[in-house]
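Enquirer: need a 3D model of the following:
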Amino acid sequence: MDRILACGAKGCRFESCRARQIMELNTSIEKIPRISIAYQKRLKRLNIETLEDMLFHFPYRYEDFSDITPINKAEVNKTICIQGVIKEIENIRTWHRKIFLTNAVVKDESGSIKVVWFNQPYLMRSLPVNTKLCLAGKVALKKDEAYLSNPIHEKIGSNDLVHTGRIIPIYSTTAGVSSRWIRYILRPLLTQFKDKIPEILSQETLAKQGLLPINRAIWQIHFPDSLSAMKSARKRFGFEQLFLIQSLVLRERIITKQKKAIFIPIQVKLLKDFTSSFQFQLTDSQRKTAWQILKDMEKDVPMLRLLQGDVGCGKTIVALMAGLNTIKAGYQTTFMAPTEILAKQHFQTAIDFLKNFKVNIGLLTGSSNQWFSEEWQEKIDISRKQILEKIENGKIDLLIGTHALVKTKLNFKNLALTILDEQHRFGVEQRDKLLRQGKTPHLLSMTATPIPRSLALSVYGNLDISVIDELPKGRKKIITRLVASEQKKDAYSFLKKEIKKGRQAFVICPRIEESSVNPESMWAKTKTVKQVFKELSEEIFPDLNLAILHGKIQSKQKSKIMRQFQEKEIDILVSTSVIEVGIDIPNASVIVIQGAERFGLAQLHQFRGRVGRAKYQSYCLLFIDEYVAEVKKRLKALIKYNDGLKLAEQDLKIRGAGDFIGKRQSGIPDIAMDSLKNIKLVKETKQAARTLLKKDPTLKKHLLLKEKLERFEKRIHLE
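Expert: The predicted structure is shown next:
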């Protein structure tokens with residue numbers, strides 16, 4: 001890679017500094033000029049640690065100050081950009097508010113306007129009379145006099161304007177780092193280095209896709225000459241980042257498919273006996289997806305399949321069919337769930353369905369180790385040492401657990417199938433730990449989060465996808481209603497009537513307890529789970545049995561609460577989102593979601609799936625507050641659609657891909673997140689990556705791309 005000359009001396013100017021040193025894109029920010037130790041620490045909070053990170057910290061939006069308004073055309077309550085000369089300037093201290101006001105008069109050829117800055121008295125020295133300025137801000141009105149209120153400003157001189165008079169980039173920031181400071185640092189860096197950044201896309205790709213070359217795109221995304229230039233730059237980097245994601249995903253698939261897996265024949269009679277033992281019939285969708293999974297496992301290359309299905313569609317039964325088929329072929333299966341509550345539920349479900357098929361089942365979590373012996377037909381508590389021994393000597397056929405499965409060193413005798421429930425909650429490293437057991441086991445991932453097609457093609461592109469698109473027969477559509485503040489009393493009266501019928505209910509809250517948030521913020525106005533529990537148990541339903549559940553409660557207590565709820569000893573469970581996934585309480589017919597505007601549509605749909613799991617008519621009540629009336633339109637989609645995929649598509653449009661895969665967890669850049677909405681672009685990048693890797697699977701002929709891909713892979717993990 002080209003090396004770049006730059007200085008590391010404190011306070012140096014790039015253009016004139018003589019003390020120079022070698023600097024590359026991976027050079028630490030500690031060696032970048034004009035970035036003090038204090039700023040280095042702040043930048044690291046933004047995940048900016050190298051020169052490349054700095055250059056590729058892209059704006060998330062822009063302010064268009066390129067249209068210079070004559071002063072006599074200024075309109076009250078409009079944000080404008082003007083250019084003029086300071087004719088008067090003075091500082092005034094307002095004693096009643098104890099703040100400084102800097103008052104100035106700025107004049108252009110069309111007229112003059114008063115300018116007011118707050119608590120910036122130093123401006124009187126730095127902006128003396130006759131200084132030529134460009135200013136951008138909102139026009140306010142006081143005592144019939146229009147003035148420019150606290151505008152951003154920039155002196156007009158020999159250098160180009162950076163902060164005003166053009167399209168201005170606005171960046172993600174942190175305490176002590178402003179967008180203005182980032183522009184101040186980036187402008188000279190880009191001037192010096194934009195032509196030194198290596199191009200990883202081929203000339204053929206650039207021409208075919210109509211993309212800007214890297215040196216033009218990197219400048220135009222930070223300091224665009226026009227809105228169209230900005231869009232072209234974002235298109236280029238959207239393509240590049242999706243291309244990198246697609247390349248990572250496809251390369252992982254190529255590597256995995258080169259490994260050997262265990263051939264598992266389909267045992268037709270066994271599976272017929274198994275499904276005949278159910279008190280219900282499989283749906284056509286369950287049969288189809290089960291067949292796809294079982295056929296994959298008849299190959300000697302690892303299965304990589306994602307089983308996608310709406311809440312309550314019966315994915316677990318399909319997974320158990322694959323597990324039983326594997327076990328009776330003489331091999332072990334492991335089943336990992338994201339929470340202890342769900343792992344214990346799967347453990348009990350597996351016992352209920354497999355107890356007549358001579359299967360030994362183990363449970364391994366952070367706080368509980370149990371064993372179900374097919375010989376004794378009961379589950380018993382055993383030590384961690386005992387369960388590890390049974391795994392190693394093959395006395396456990398099916399091991400169910402949480403993250404403890406990857407945090408514990410497990411030595412399987414002959415593992416052939418790994419099942420991940422809610423697989424998007426596990427990172428690549430966690431999955432890899434489960435797949436490093438002798439021959440590569442087949443991998444079956446499951447998710448109840450409906451995945452929009454563009455996401456499926458990208459982030460989940462290394463997996464074959466099976467979809468269960470039917471619910472079991474007899475399920476009634478859940479009635480969903482928005483409930484405003486003044487309607488809550490009636491809603492609680494309705495809930496109590498359902499309890500008196502013998503039903504149970506969930507009440508979901510976004511937060512566990514109060515925090516130091518701004519008391520005027522929207523979050524502060526949403527009641528916590530502790531506040532709601534106190535209100536419901538003491539004031540509204542003092543005659544009913546209520547319990548509280550959240551992430552800070554110890555595992556044993558959580559298990560006890562869920563057991564009591566399942567055994568109908570608890571009427572109403574007040575909980576946080578800990579119950580989002582997989583909790584099965586067939587007797588529950590009402591779910592109340594407090595602060596519904598805090599959740600995405602996909603997550604609300606998951607919550608709704610906690611009820612309606614039996615023959616009873618069920619209800620989902622979305623409690624919203626008056627101050628968020630603008631979100632009602634979004635929430636009404638939940639009333640209109642019961643189809644999770646349609647809701648997921650809506651959520652992708654409204655909230656973006658981060659709502660599904662978690663930007664903070666994945667590290668996927670904003671531009672790539674936005675680009676995931678564009679299915680045409682997703683297809684084009686996937687095809688480009690596939691074509692390249694087919695010709696050069698190890699990237700021997702594309703070393704710059706390989707290097708970029710390795711750096712990119714360190715920053716993200718696809719879930």
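Enquirer: mind telling me what element I152 is part of?
Expert: strand 145-155 (DSSP states H and E).
Enquirer: buried residues, that strand. List them.
Expert: Neighbour-count burial for strand 145-155, counted by 16 or more other CB atoms under 10 Å, picks out 146-154. Where you see a C-beta, it was placed from the backbone N, CA and C, and this is true even at glycine.
Enquirer: likewise stretch 265-285?
Expert: For stretch 265-285, the neighbour count (16+ other CB under 10 Å) marks 267, 270-271, 274-275, 282-283, 285 as buried.
Enquirer: quick one: which of the residues you listed sit in strands?
Expert: Among these, none falls in strands (DSSP state E).
Enquirer: adding pLDDT, write those out as TSV.
Expert: Compiled in TSV, the buried residues of stretch 265-285 are given as follows (pLDDT from 0 to 100):
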residue	pLDDT
Q267	96
L270	96
L271	96
F274	96
T275	95
L282	92
T283	92
S285	93
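Enquirer: show me the protein divided up by domain.
Expert: Domain ranges of the chain: 4-62+173-197, 67-165, 268-298+314-447, 479-641, per automatic domain parsing.
Enquirer: figure out which of those domains is closest to E713.
Expert: In terms of CB to CB, the element of the domains of the chain nearest to E713 is domain 268-298+314-447, at 9.3 Å.
Enquirer: next, the distance between the ends of that closest one.
Expert: 26 Å (CA to CA, to the nearest Å).
Enquirer: re earlier: ok, of the buried residues of strand 145-155, which one's closest to K259?
Expert: I152 (56.9 Å).
Enquirer: how many neighbours does the residue nearest to the closest one when sequence neighbours are not counted have?
Expert: Spatial nearest neighbour of I152, chain neighbours left out: A136 (5.3 Å); criterion: CB to CB, 6 or more residues apart in numbering. Other residues near A136 come to 23 when the count uses other CB atoms under 10 Å.
Enquirer: how about A38?
Expert: A38, neighbours per other CB under 10 Å, totals 10.
Enquirer: look at it and give its secondary structure.
Expert: With DSSP: H, G, I helix; E, B strand; the rest coil as the basis, A38 sits in helix.
Enquirer: residue contacts, it?
Expert: The contact partners of A38, by CB atoms under 8 Å, 6 or more residues apart in numbering, come to G176.
Enquirer: returning to that earlier point: report the beta-bridge partners for the residue nearest to I152.
Expert: C81, I152 (DSSP bridges).
Enquirer: need the per-residue pLDDT for it.
Expert: Here the pLDDT value assigned to A136 is 95.
Enquirer: any idea how far it lies from T408?
Expert: 58 Å (CB to CB, to the nearest Å).
Enquirer: can you give me the helices for the stretch 1-150 of the chain?
Expert: Here the stretch 1-150 of the chain has its helices, by DSSP state H, counting those that start in this stretch, at 37-45, 51-55, 123-126.
Enquirer: out of these, deepest packed?
Expert: helix 51-55 (a mean of 20; mean count of other CB atoms under 10 Å).
Enquirer: I'd like the next helix or strand past the helix or strand hosting T333.
Expert: Per DSSP H and E, T333 falls inside strand 332-336. As assigned by DSSP H and E, the chain's next helix or strand after strand 332-336 is helix 340-354.
Enquirer: just the angle for that next one relative to strand 332-336, thanks.
Expert: 140 degrees (axes from the mean of the first three to the mean of the last three CA atoms, to 10 degrees).
Enquirer: who's in contact with helix 340-354?
Expert: With CB under 8 Å, 6+ apart, helix 340-354 has contacts from 274, 277-278, 316-317, 320, 323-324, 335-337, 359, 361, 363, 365-368, 370, 372, 379, 398, 400-402, 421-422, 555, 558-559, 562, 578-579, 581-584.
Enquirer: tell me the secondary structure for L420?
Expert: strand.
Enquirer: please apply the same query to L652.
Expert: Per three-state DSSP, L652 ends up helix.
Enquirer: surely it meets P452?
Expert: Yes: if you go by CB atoms under 8 Å, L652 and P452 touch, sitting 4.7 Å apart.
Enquirer: quick one, longest helix in this protein?
Expert: Scanning the chain for the longest helix, with DSSP state H as the assignment, gives helix 227-257.
Enquirer: where does the chain have low pLDDT?
Expert: 1-23, 97, 423-439, 453-454, 513-526, 580-582, 626-630, 654-668, 716-719 (pLDDT under 70).
Enquirer: export the strand holding I152 as CSV, just CAs?
Expert: C-alpha atoms of strand 145-155 as CSV (Å, rounded to 0.1, in the frame of the first residue of the first chain):
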residue,chain,number,x,y,z
GLU,A,145,-36.8,43.4,15.0
ALA,A,146,-35.5,40.4,13.0
TYR,A,147,-32.1,39.1,14.0
LEU,A,148,-29.9,36.0,13.3
SER,A,149,-29.9,33.9,16.4
ASN,A,150,-26.6,32.2,17.4
PRO,A,151,-25.5,31.4,13.9
ILE,A,152,-22.5,29.4,12.9
HIS,A,153,-19.9,31.6,11.3
GLU,A,154,-16.8,31.5,9.2
LYS,A,155,-14.4,34.2,8.0
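Enquirer: check the offset of it from the chain's centre.
Expert: 39 Å (CA atoms, centre = their mean, to the nearest Å).
Enquirer: which helices and strands sit right next to that strand?
Expert: Secondary-structure packing of strand 145-155 (3 or more CB pairs under 8 Å, 6 or more residues apart in numbering; DSSP states H and E): strand 112-118, strand 132-142.
Enquirer: tell me what angle that strand forms with strand 132-142.
Expert: 150 degrees.
Enquirer: run the angle between strand 145-155 and strand 112-118 for me.
Expert: Between the axis of strand 145-155 and that of strand 112-118 there is an angle of 70 degrees, by the same axes, to 10 degrees.
Enquirer: quick one: contacts of strand 145-155?
Expert: Contacts of strand 145-155 (CB under 8 Å, 6+ apart): 74, 76, 80, 82, 106, 113-118, 127, 131-141, 161-165, 180.
Enquirer: 6 Å instead?
Expert: Residues outside strand 145-155 that contact it (CB atoms under 6 Å, 6 or more residues apart in numbering): 76, 113-118, 133-140, 161, 163-164.
Enquirer: filter these down to the buried ones.
Expert: Here, 16+ other CB under 10 Å leaves 113-117, 133-137, 139, 161, 163-164 buried among the contacts of strand 145-155.
Enquirer: got TSV for the residues you listed, with distance to L190 too?
Expert: Listed next are the buried ones among the contacts of strand 145-155 as TSV, based on distance: CB to CB, whole Å:
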residue	distance to L190
I113	33
K114	36
V115	30
V116	33
W117	29
L133	24
C134	20
L135	25
A136	22
G137	26
V139	32
L161	15
H163	15
T164	18
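Enquirer: just give me the closest of the residues you listed to I37.
Expert: H163 (24.9 Å).
Enquirer: relative to L123, how far out is that closest one?
Expert: From H163 to L123 the distance is 15 Å (CB to CB).
Enquirer: what do you get for R45?
Expert: 29 Å.
Enquirer: part of a strand, is I400?
Expert: Yes: the assignment for I400 (three-state DSSP) places it in a strand.
Enquirer: so who does T191 touch?
Expert: T191 neighbours (CB under 6 Å, 6+ apart): none.
Enquirer: L363 is in what secondary structure piece?
Expert: Going by DSSP H and E, L363 is in strand 361-364.
Enquirer: remind me what that strand packs against, helices and strands.
Expert: Under the contact criterion of 3 or more CB pairs under 6 Å, 6 or more residues apart in numbering; DSSP states H and E, strand 361-364 touches strand 369-373, strand 398-401.
Enquirer: deepest in the core, which of these is it.
Expert: Across those, the average number of neighbours (mean count of other CB under 10 Å) peaks for strand 398-401, which reaches a mean of 27.
Enquirer: what does that one rub up against?
Expert: 323, 333-335, 343, 346-347, 359, 361-365.
Enquirer: mind doing that once more with 7 Å?
Expert: 323, 327, 333-336, 343, 346-347, 350, 359, 361-365, 391 (CB atoms under 7 Å, 6 or more residues apart in numbering).
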